[in-house]
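> One predicted model, sequence on top.
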Amino acid sequence: MRWQGQELGVADAAALPGLEHLNGLVQSVTTPEFAGVTFHEVLAKTALNHVPGASAMPFDWTVNPYRGCSHACVYCFARGTHEYLELDAGRDFDSQVIVKINVAEVLEKELRRRSWNREPVMLGTNTDPYQRAEGRYRLMPGIVSALTDSGTPFSILTKGTLLRRDLPLLREAAASVRVSLAMSIAVFDDALQHLIEPGTPTAAARLETVRAATEAGFHVTVFLMPILPHLTDSIAAIDDALTRIKAAGATRVVYGALHLRPGAKQWFMQWLGEQHPELVSSYLGLYPGASATAPKAYRAWLAKRVRPLLRVHGLDGRAEDDHPRGTPMSGLAARADARASEIVTTSRGRASAVTTPAEPRLF
């Protein structure tokens, strides 16, 4: 184990660029069980992040206990955020993970403020709160408890099977606040998944987590995102994905085409050139210049493939851009009633919590 930066406020000449004066840096840690990954433990000043009103995201508040992610998904839209720390959006994003070790304590204090209106909070919209680091740092139980105790509804989106560890706590939370769970599964082909998401659990393992959450009484949404042009957008691939999602017990699917934001775009195109050079020209045509989203015509073509298959499999679902935010959406708390939850009665006779209204949804 290697320790660095023991003194707060003191420049560390051996630190990575951007971390020499990182506010609140406690220490940097490497351990054998996380080979190739360095954890930079920091003391956060804030936990709640307010989403700018002009954002396309349909929520106002997030909590991100980690920055950087060992899932190492080559397409991850959050890669560019690592550049704010003067770290690169490629290898550094995968291997230099910032850990806010006091995030639960700070969050608890923020939620006690009289100005807090118990608006819904999203977890997992930037980097994954159940990435492998969570097995070491166990930040999520404290976060969940703080949100629950304050009466704040929340949603979790993850690729991590570690979610199963906290299902008892989440079920308890859902008895008093609205709790929504979603699993992100983009690639169902094991070989491709290993290449493009090398640090993630397999699709099968994530589907087992969906099943476990369903058996715990949750209505689980699966994010079938991103759908990759020419790689996972065939009818056969989509049908196989929806068949397996339905079998796992999920009730809803949100789907969308690949985004290639700055930082992620360069990293993804480098990967594509190495693994599928025959597709580079096609992707340059779909995502020319600084374009980050697939063309409207492609998204419409994709919808014509996915929507009929959703109906065939009896799944509720929508495209990610079916309900764009467009304008500021303050006051989400009034629309996401904190008295409701996502718990339902299961076939095994488990007692249900409060009835969930059809709208609004945090996903």
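That came in fine, so what should we check first? Here the structure is a predicted model, which is why all the values come from computation and not from measurement.

> From now on I want contacts and neighbour counts done on CA atoms only, so please keep to that.
Noted.

> how much distance is there from the longest strand along the chain to the middle of the chain?
If you go by DSSP state E, the chain has its longest strand at strand 220-227. Taking CA atoms, centre = their mean, to the nearest Å, the mean C-alpha location of strand 220-227 is offset from the chain mean by 11 Å.

> just checking, what packs against it?
Judged by 3 or more CA pairs under 8 Å, 6 or more residues apart in numbering; DSSP states H and E, strand 220-227 is in contact with strand 179-184, helix 203-215, strand 252-257.

> Apply 7 Å and report the result again.
Counting contacts by 3 or more CA pairs under 7 Å, 6 or more residues apart in numbering; DSSP states H and E, strand 220-227 is packed against strand 179-184, strand 252-257.

> which element follows it toward the C-terminus?
Using DSSP states H and E, the helix or strand that directly follows strand 220-227 along the chain is helix 235-247.

> Flag every buried residue along that following helix.
Neighbour-count burial for helix 235-247 flags A237, I238, D239, A241, L242, T243, R244, I245, K246 (criterion: 16 or more other CA atoms under 10 Å).

> Would you agree E41 falls within a strand?
Yes: counting by DSSP: H, G, I helix; E, B strand; the rest coil, E41 falls inside a strand.

> Once you drop chain neighbours, what's closest to it?
Leaving aside its chain neighbours, E41 sits nearest to V99 (4.8 Å; criterion: CA to CA, 6 or more residues apart in numbering).

> what mean pLDDT would you report for stretch 40-56?
Averaged across stretch 40-56, the pLDDT comes to 82.

> ignore the last one, stretch 273-289
Stretch 273-289 carries an average pLDDT of 97.

> C-alpha coordinates for it, PDB please?
The C-alpha trace of stretch 273-289 is given here as PDB (Å, rounded to 0.1, in the frame of the first residue of the first chain):
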ATOM      1  CA  GLY A 273      -9.900   2.400 -34.800                       C
ATOM      2  CA  GLU A 274      -8.100  -0.300 -32.900                       C
ATOM      3  CA  GLN A 275     -11.000  -2.800 -32.600                       C
ATOM      4  CA  HIS A 276     -13.300  -2.000 -35.600                       C
ATOM      5  CA  PRO A 277     -11.400   0.100 -38.100                       C
ATOM      6  CA  GLU A 278     -14.000  -0.800 -40.800                       C
ATOM      7  CA  LEU A 279     -16.500   1.300 -38.900                       C
ATOM      8  CA  VAL A 280     -14.500   4.500 -38.500                       C
ATOM      9  CA  SER A 281     -15.800   6.200 -41.600                       C
ATOM     10  CA  SER A 282     -19.400   5.300 -40.700                       C
ATOM     11  CA  TYR A 283     -19.000   6.800 -37.300                       C
ATOM     12  CA  LEU A 284     -17.400   9.900 -38.700                       C
ATOM     13  CA  GLY A 285     -20.400  10.300 -40.900                       C
ATOM     14  CA  LEU A 286     -22.800   9.900 -38.000                       C
ATOM     15  CA  TYR A 287     -20.800  12.100 -35.600                       C
ATOM     16  CA  PRO A 288     -19.000  14.600 -37.700                       C
ATOM     17  CA  GLY A 289     -16.800  17.300 -36.300                       C
END
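
> mind listing what the residue nearest the centre of the chain touches?
The centroid of the chain falls nearest to G124 when counting by CA atoms, centre = their mean (3.2 Å). Counting by CA atoms under 7 Å, 6 or more residues apart in numbering, G124 makes contact with I156, L157, T158.
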